[in-house]
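Novice: How does the following fold in three dimensions:
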Amino acid sequence: MKMQDTLQRRLAAAEAERAAAEKAKLEREESAQKSLNEQELLLEAAKNKSKRLEQEAQENAKVTN
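Specialist: Sure, this is the predicted structure:
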């Protein structure tokens, strides 16, 4: 009986460890996705600003010519 109890405790501990590892993995993936989304938004904002500045430069060039 003692051996069976030991094995059951070890199995329960291993299952708890696996569940904790899975939760940590999911949290890391969620964090990575959030970071990626933020970076994509920043990149899009930079592209839009660059495009706007380029248009302003073209307008300024027309005015000065």
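Novice: tell me which element the residue nearest the centre of the chain is part of?
Specialist: Closest residue to the average C-alpha location of the chain: residue 32 at 2.0 Å, with Cα atoms, centre = their mean. For residue 32, the host element (DSSP states H and E) is helix 2-64.
Novice: average pLDDT for that helix?
Specialist: For helix 2-64, the mean pLDDT works out to 96.
Novice: Distance from it to the middle of the chain?
Specialist: From the chain centre to the centre of helix 2-64 is a distance of 0 Å (Cα atoms, centre = their mean, to the nearest Å).
Novice: buried stuff in stretch 8-23?
Specialist: Buried residues in stretch 8-23, counted by 16 or more other Cβ atoms under 10 Å: none are found. All C-beta spots, glycine's among them, are computed from the backbone N, C-alpha and C.
Novice: Repeat that for stretch 34-42.
Specialist: Under 16+ other Cβ under 10 Å, stretch 34-42 has no buried positions.
Novice: Output that stretch as PDB, restricted to C-alpha atoms.
Specialist: C-alpha atoms of stretch 34-42 as PDB (Å, rounded to 0.1, in the frame of the first residue of the first chain):
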ATOM      1  CA  LYS A  34       0.300  41.100 -27.100                       C
ATOM      2  CA  SER A  35       3.800  42.400 -27.800                       C
ATOM      3  CA  LEU A  36       3.600  41.400 -31.500                       C
ATOM      4  CA  ASN A  37       0.200  43.300 -31.700                       C
ATOM      5  CA  GLU A  38       1.700  46.400 -30.100                       C
ATOM      6  CA  GLN A  39       4.700  46.300 -32.400                       C
ATOM      7  CA  GLU A  40       2.500  46.000 -35.500                       C
ATOM      8  CA  LEU A  41       0.500  49.000 -34.300                       C
ATOM      9  CA  LEU A  42       3.700  51.000 -33.800                       C
END
